[in-house]
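Student: generate coordinates for the sequence data below:
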Amino acid sequence: MAQLMRLCATQDWPAGGVTDRLHRWKGDLGPSGQSVPLRLAGALHALHLQGDPTLGQVYPPRSTDDAPLWAAVAKVLVSEQTPILRWLDSPPQTNEVRRAAVLIALGHWLADRYALPLRCSELGASAGLNLHWDDDALVIGDQHFGPATPALTLAPDWTGPLPPAVRPMLSARAGVDLNPLDPRDPDDALRLQAYLWADQPARLALTQAAMANARTGIVKGDAIDWLEGQLDHHAGQTHLVYTTIAWQYFPAADQARGAAMIQAAGQMARADAPLAWFGMEPDSAGPGAALTLRLWPGDLTFAMGRADFHGRWVQWHPVQTEKKD
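Tutor: Residues are numbered from 1 along each chain as shown. From the prediction side, this is the model:
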């Protein structure tokens, strides 16, 4: 991918609609804006996954020099103009399953604290692949957390204490997304894989395993509007509301409204119906994303550590930081 992106930045582009579209693009092209390079890379990878013979000669697992790689890409930019332009119209969308390592650890921590089943509500759930984190295994050294026959196994670089051994049980799960994907739909399945690069076969394999296991339909809608109807309390359940690299994309007004709703619901939480609000979200501290948990009753805040945005490493250090008034 580094090779391909470097060539895109340095080579002469073929005349045609794709070149015209890209070179006349307005606005922020980068990852904090419209992620235009990722749109193009996803379009090309989608073609490769669909068996494009030109790209098949130069994409992994083959290793190719710059000249033949760019010649093949330039050819496809012209011959496959229509599907590429269609992909350029949409922002990239992923459902990174390696983030589930953090959710597994959190689930064990909450199960140990409350000894109650978990009811999970995910905001920005995409295809719902991380709503089934309890079907996955987390391996830390020689320790195994999760089912004996997991849908997939995650083994991030881990620092910090082990999660408690108490295995969580889920009583219910639901999720919402502005543009939910259905892993059983061929077009959506292609989209879920297209933004995972051809030189990342292990990442692709994990996603494919999660897609095969996914079985919870995701509601299409605004996350905060949907959440408003989910914040009732059920006796005998811990309600876990969570986001993984999603809250940052919500408009500021929605963030404020959502936070106020969750805090108000927290004030009504009971010992037999706790509320947990967890975020794996970027902050200014770095590296990676902060892992932050708030709990009610008590309005307790815990800094749980940090994690790589894609779940490659986890620094797990649960520490209570403050108690709200």
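Student: report the buried residues of stretch 24-35.
Tutor: Of the residues in stretch 24-35, those with enough neighbours to count as buried (16 or more other Cβ atoms under 10 Å) are 34, 35. Glycine gets a C-beta too; all of them are placed from N, C-alpha and C.
Student: mind listing residues that contact it?
Tutor: 36, 37, 38, 91, 92 (Cβ atoms under 8 Å, 6 or more residues apart in numbering).
Student: end to end, how far does it reach?
Tutor: In stretch 24-35, first residue to last residue: 15 Å (Cα to Cα, to the nearest Å).
Student: avg pLDDT for that stretch?
Tutor: Here stretch 24-35 scores 89 as its mean pLDDT.
Student: what about the residue lying closest to residue 55 once chain neighbours are set aside, which helix or strand?
Tutor: Excluding the flanking residues, the one nearest residue 55 by Cβ to Cβ, 6 or more residues apart in numbering is residue 48, at 4.3 Å. Assigned by DSSP states H and E, residue 48 falls within helix 36-49.
Student: quick check: what element follows that helix along the chain?
Tutor: Going down the chain from helix 36-49, the next helix or strand is helix 53-56, by DSSP H and E.
Student: what about that following helix, distance to the chain center?
Tutor: Mean C-alpha position of helix 53-56 versus that of the full chain (Cα atoms, centre = their mean, to the nearest Å) differs by 29 Å.
Student: need the contact partners of it.
Tutor: Counting by Cβ under 8 Å, 6+ apart, 44, 47, 48, 72, 73, 75, 76, 79 sit against helix 53-56.
Student: now do the buried residues in stretch 308-320.
Tutor: Neighbour-count burial for stretch 308-320 [16+ other Cβ under 10 Å]: 308, 309, 310, 311, 313, 314, 315, 316, 318.
Student: a markdown table for those residues, including pLDDT?
Tutor: Shown next, in a markdown table, are the buried residues of stretch 308-320 (pLDDT from 0 to 100):
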| residue | pLDDT |
| --- | --- |
| 308 | 97 |
| 309 | 94 |
| 310 | 94 |
| 311 | 96 |
| 313 | 98 |
| 314 | 98 |
| 315 | 98 |
| 316 | 98 |
| 318 | 96 |
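Student: circling back: out of the contacts of helix 53-56, which are buried?
Tutor: Those of the contacts of helix 53-56 that meet the buried threshold are 44, 47, 48, 72, 73, 76, by 16+ other Cβ under 10 Å.
Student: longest strand of the protein?
Tutor: Determined from DSSP state E, the single longest strand within the chain is strand 313-323.
Student: show me what that one is packed against.
Tutor: Counting contacts by 3 or more Cβ pairs under 8 Å, 6 or more residues apart in numbering; DSSP states H and E, strand 313-323 is packed against helix 100-114, strand 157-159, strand 300-307.
Student: can you tell which of these is closest to residue 266?
Tutor: Residue 266 lies closest, by Cβ to Cβ, to one member of those: strand 300-307, at 10.0 Å.
Student: list the neighbouring strands of the closest one plus their orientation.
Tutor: Strand 300-307 has the following sheet partners, assigned by DSSP bridges: strand 289-296 (antiparallel), strand 313-323 (antiparallel).
Student: compare those strands and give me the one nearest residue 8.
Tutor: With Cβ to Cβ as the measure, strand 289-296 is the member of these nearest residue 8 (27.9 Å).
Student: and the angle for the closest one with helix 100-114?
Tutor: Here the directions of strand 289-296 and helix 100-114 differ by 20 degrees (axes from the mean of the first three to the mean of the last three Cα atoms, to 10 degrees).
Student: kindly export strand 289-296 (C-alpha atoms) in PDB.
Tutor: Extracted in PDB, the C-alpha atoms of strand 289-296 (Å, rounded to 0.1, in the frame of the first residue of the first chain):
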ATOM      1  CA  ALA A 289      -7.000   5.900  21.500                       C
ATOM      2  CA  ALA A 290      -8.000   6.600  25.100                       C
ATOM      3  CA  LEU A 291     -10.100   3.900  26.900                       C
ATOM      4  CA  THR A 292     -12.600   5.700  29.100                       C
ATOM      5  CA  LEU A 293     -15.400   4.200  31.200                       C
ATOM      6  CA  ARG A 294     -18.100   5.900  33.300                       C
ATOM      7  CA  LEU A 295     -20.300   4.000  35.700                       C
ATOM      8  CA  TRP A 296     -23.500   4.600  37.500                       C
END
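Student: ok, and what's touching that strand?
Tutor: The contact list for strand 289-296 (Cβ under 8 Å, 6+ apart) reads 102, 106, 245, 262, 265-267, 269, 274-283, 300-309, 316, 318.
Student: much appreciated, bye for now.
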